[in-house]
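Enquirer: structure here, sequence nowhere to be found:
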């Protein structure tokens, strides 16, 4: 039986701003991948709301963008 993955609300809220936050910094997906070590294929899925990151990827993005960390 698999576990249901339910991220905190602030994670969902911040990820929904990912594209806007990335564009505000003038970064491509490839540049953000290089700066955060989060695969651009994952970033693309997050931006189109097709996926929510696991805690480690979220926290890499949070550190870069100054978002609340997921503890």
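Expert: Received, thanks. Quick caveat, the model's predicted, so the values are computed rather than measured.
Enquirer: going by C-alpha atoms from here, please, whenever you check contacts or count neighbours.
Expert: Noted.
Enquirer: for the protein, give the helix that spans the most residues.
Expert: Longest helix of the chain, by residue count under DSSP state H: helix 55-65.
Enquirer: next, the distance between the ends of stretch 31-42.
Expert: 13 Å (Cα to Cα, to the nearest Å).
Enquirer: list of residues touching that stretch?
Expert: 22, 29, 30, 43, 51, 53, 57, 60, 61, 64 (Cα atoms under 8 Å, 6 or more residues apart in numbering).
Enquirer: top of these by number of neighbours, please.
Expert: Greatest neighbour count in the contacts of stretch 31-42, by other Cα atoms under 10 Å, goes to residue 61: 25 neighbours.
Enquirer: the longest helix of the chain - contacts with which helices or strands?
Expert: helix 29-36 (3 or more Cα pairs under 8 Å, 6 or more residues apart in numbering; DSSP states H and E).
Enquirer: mean confidence score for the very next helix or strand once past the helix it packs on?
Expert: Going down the chain from helix 29-36, the next helix or strand is helix 40-47, by DSSP states H and E. Throughout helix 40-47, pLDDT has a mean value of 97.
Enquirer: now the angle from helix 40-47 to helix 55-65?
Expert: Relative orientation of helix 40-47 and helix 55-65, computed by axes from the mean of the first three to the mean of the last three Cα atoms, to 10 degrees: 80 degrees.
Enquirer: got the buried residues for helix 40-47?
Expert: By neighbour count on 16 or more other Cα atoms under 10 Å, the buried set for helix 40-47 is 40, 42, 43, 46, 47.
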